[in-house]
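*Asks:* next comes the sequence, and after it the predicted model I'd like to discuss.
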Amino acid sequence: MSTETLGTASSAPAGQLRAWQRRALTKYLATGPRDFLAVATPGAGKTTFALRVASELLRDRTVDQVTVVAPTEHLKHQWAASAARSGIALDSNFTNSTGQTSSDFHGVVVTYAQVASHPFKHRVRTEARRTLVILDEIHHGGDAKSWGEGIREAFGDATRRLALTGTPFRSDDSAIPFVVYEPNADGLMQSRADHAYGYADALADGVVRPVVFLAYSGEARWRNSAGEEYSARLGEPLSAEQTARAWRTALDPAGDWIPAVLTAANTRLEQLRQGGMPDAGGLVIASDQTVARAYARILEQLTGEAPALVLSDDPTASGRISEFDASTQRWMVAVRMVSEGVDVPRLAVGVYATSASTPLFFAQAIGRFVRSRRKGETASVFLPSVPVLLDLASQLEAQRDHVLGKPHREKEGFDDDLLADANRRKDEPGEEEKAFTALGADAELDQVIYDGSSFGTATFAGSEEEADYLGLPGLLDAEQMRALLRRRQQEQLDKPASPPTPVPPPQVAERVATADSLARLRKELNSLVAMHHHRTGKPHGVIHGELRRQCGGPPTAIATAEQLGDRIALLRQW
């Protein structure tokens with residue numbers, strides 16, 4: 001196809017681009033590099049930037065054709081649709097068996113898997129004409145088993161290579177092809193971006209939405225294979241095994257935790273739909289197909305509307321995502337996550353109902369909710385109050401790069417094997433799943449995380465305090481959100497607390513341990529814990545754990561009045 005047939009995007013003024021895209025484009029055109037790595041947070045517009053580069057290079061005949069490499073089949077068609085709107089015709093139905101495409105196209109879109117299965121064929125295409133290769137989510141090229149070697153073989157002689165990613169970090173020591181590595185302060189090799197645009201920058205520019213995390217704790221109970229019963233509270237200091245089992249118990253659709261959290265998430269979604277985002281949608285990220293179907297049934301009971309169910313081995317999955325995007329349907333349930341890069345801008349509420357906990361997986365999942373369409377739109381993500389997730393939520397604005405070397409791996413605990421595994425079928429229980437039986441878990445709003453800070457005091461699901469946070473206005477910019485959360489928290493702390501409760505003797509404790517008095521004591525304890533958190537920076541769960549170690553007794557939810565009184569007295573001493 002002649003470059004004269006390129007649409008208006010190829011000649012559009014740079015003013016139509018966002019500021020970061022203009023800066024990156026100016027740098028690219030001024031330097032004319034063979035390789036260029038653009039790191040930009042999900043939702044910032046990497047596709048638009050890359051297509052503008054493609055338009056410029058096609059127009060001035062630096063290249064004759066374009067090849068886009070994407071992680072999934074769905075993204076192939078999404079890239080082709082975006083390119084068409086920019087006046088670039090890309091064949092997303094290109095197959096290795098055919099090996100050719102119509103001359104009406106400017107190029108093709110393929111997957112990393114396609115390239116890896118026949119890299120020599122793609123090498124021949126690349127060498128035959130001057131080619132720009134756009135490598136979307138280039139961190140997948142770190143898979144030395146196949147994908148990395150495939151793209152290195154296929155595109156080693158490309159005229160230009162433009163690499164894109166929102167999360168340039170991986171868990172292995174395989175260098176990503178076509179990425180430059182330099183020594184960092186620790187003497188380890190670290191990837192170097194030619195242009196970086198992080199979430200913090202995008203949030204300040206209003207390019208992405210503010211994300212509020214609502215972390216839910218609760219008492220989880222389970223039975224091991226020997227018939228012994230255990231209980232633990234999400235968010236408190238636990239062993240790795242206890243954390244894993246309490247977490248999985250909370251995610252059990254037969255318990256109380258998931259229905260309570262889904263109810264809260266649906267309440268938040270309705271608030272957004274009534275408060276300025278009438279088409280706002282929600283996404284539940286499930287661990288496997290069995291629980292995904294169960295979550296879908298719970299949502300249908302809550303809303304009266306069957307959610308879209310997206311299962312990875314369903315050949316119609318891509319179509320279901322597109323249909324959901326074009327509709328006003330409330331909820332979509334997907335196994336683990338809708339693939340990275342999938343663009344459904346109306347997604348504004350998420351439920352992180354999976355045990356995946358790597359930085360790469362978490363960042364890609366949260367990236368589904370940050371795409372901004374208009375000023376003031378916000379996103380809310382509900383998640384278990386598990387230390388690793390709370391830490392990732394608090395560090396949402398942190399900038400990371402791919403660092404090679406085991407010291408980094410041990411320090412950060414990176415392990416993104418789950419990402420490669422995310423779309424596989426997960427219906428057969430493994431040994432860990434067989435080792436215990438979930439008995440149930442209740443839900444309690446533990447804290448609200450925004451901009452790296454924790455807000456609010458612990459409160460039971462269905463309480464007035466929870467309703468205060470679920471009812472946050474739907475349209476707020478980043479600073480308005482920060483100010484409102486601070487005010488809501490202060491209002492909670494300023495509410496009159498019960499007077500200090502003296503520790504009664506055991507016989508009196510039995511008489512005063514009514515439901516009302518226990519509720520007042522728990523509220524006072526949680527308020528004091530919140531105040532201690534803001535003085536010390538310690539997570540709520542850690543503070544509760546220290547109180548239990550020093551005073552003894554079970555978790556707050558099942559503690560006696562005497563035990564609660566002891567903890568309140570100790571907190572006042574602190």
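*Replies:* Yes, it's here.

*Asks:* centre-most residue in the protein?
*Replies:* For the chain, the residue nearest the mean C-alpha position is Ile366 (2.2 Å; C-alpha atoms, centre = their mean).

*Asks:* ok, that one to Arg161 distance?
*Replies:* The gap separating Ile366 from Arg161 is 28 Å, by C-beta to C-beta, to the nearest Å. For the C-beta atoms, the positions are set from N, CA and C on the backbone; glycine is no exception.

*Asks:* coming back round to it: contact partners for the residue nearest to the centre of the chain?
*Replies:* Residues in contact with Ile366 (C-beta atoms under 8 Å, 6 or more residues apart in numbering) are 42, 211, 350, 381, 396.

*Asks:* now do Val133 against Ala264, distance only.
*Replies:* From Val133 over to Ala264 (counting by C-beta to C-beta), the distance is 45 Å.

*Asks:* next, give phi and psi for the nearest residue to Thr101 once chain neighbours are set aside.
*Replies:* With C-beta to C-beta, 6 or more residues apart in numbering as the criterion, Thr101 has its nearest non-adjacent residue at 4.3 Å, and that residue is Asp91. Dihedral pair for Asp91: phi -90, psi 110, per degrees, to the nearest 10.

*Asks:* I'd say Asp91 and Gln100 touch.
*Replies:* No - the pair Asp91 and Gln100 fails to qualify as a contact (C-beta atoms under 8 Å) at a distance of 9.6 Å.

*Asks:* between these two, which one's more packed in?
*Replies:* Asp91 (19 against 10; other C-beta atoms under 10 Å).

*Asks:* contact partners for that one?
*Replies:* 80, 101-102, 105, 107-109.

*Asks:* the same query, at a cut-off of 10 Å, please.
*Replies:* Listed by C-beta atoms under 10 Å, 6 or more residues apart in numbering, the contact partners of Asp91 are 76, 80, 98, 100-102, 104-110.

*Asks:* overlap of the contact sets of Asp91 and Gln100?
*Replies:* Val108.

*Asks:* what's the neighbour count on the closest residue in space to Ala40 that isn't next to it in sequence?
*Replies:* Distances taken as C-beta to C-beta, 6+ apart place Tyr197 nearest to Ala40, at 4.2 Å, with adjacent residues excluded. Look at Tyr197: counted by other C-beta under 10 Å, it has 26 neighbours.

*Asks:* pLDDT below threshold where in the stretch 351-500 of the chain?
*Replies:* Counting by pLDDT under 70, the ranges of the stretch 351-500 of the chain that qualify are 397-435, 456-458, 474, 492-500.

*Asks:* in it, which spans are strands?
*Replies:* 379-384, 436-441, 444-450, 453-455, 459-460 (DSSP state E, counting those that start in this stretch).

*Asks:* in its sheet, what does the shortest one sit against?
*Replies:* The strands that strand 459-460 pairs with in its sheet are strand 444-450 (antiparallel) (by DSSP bridges).

*Asks:* do the same with the first one
*Replies:* Each strand that strand 379-384 pairs with, and the sense of that pairing, follows from DSSP bridges: strand 211-224 (parallel), strand 347-353 (parallel).

*Asks:* now the first one: buried residues?
*Replies:* When neighbours are counted by 16 or more other C-beta atoms under 10 Å, the buried residues of strand 211-224 are found to be 211-222.

*Asks:* next SSE after that strand?
*Replies:* Beyond strand 211-224 on the C-terminal side, the first helix or strand identified by DSSP states H and E is strand 229-234.

*Asks:* strand partners (parallel or antiparallel) of that next one?
*Replies:* Strand 229-234 has these strand partners (DSSP bridges): strand 211-224 (antiparallel).

*Asks:* what sits against Gly537?
*Replies:* Gly537 neighbours (C-beta under 10 Å, 6+ apart): 453-454.
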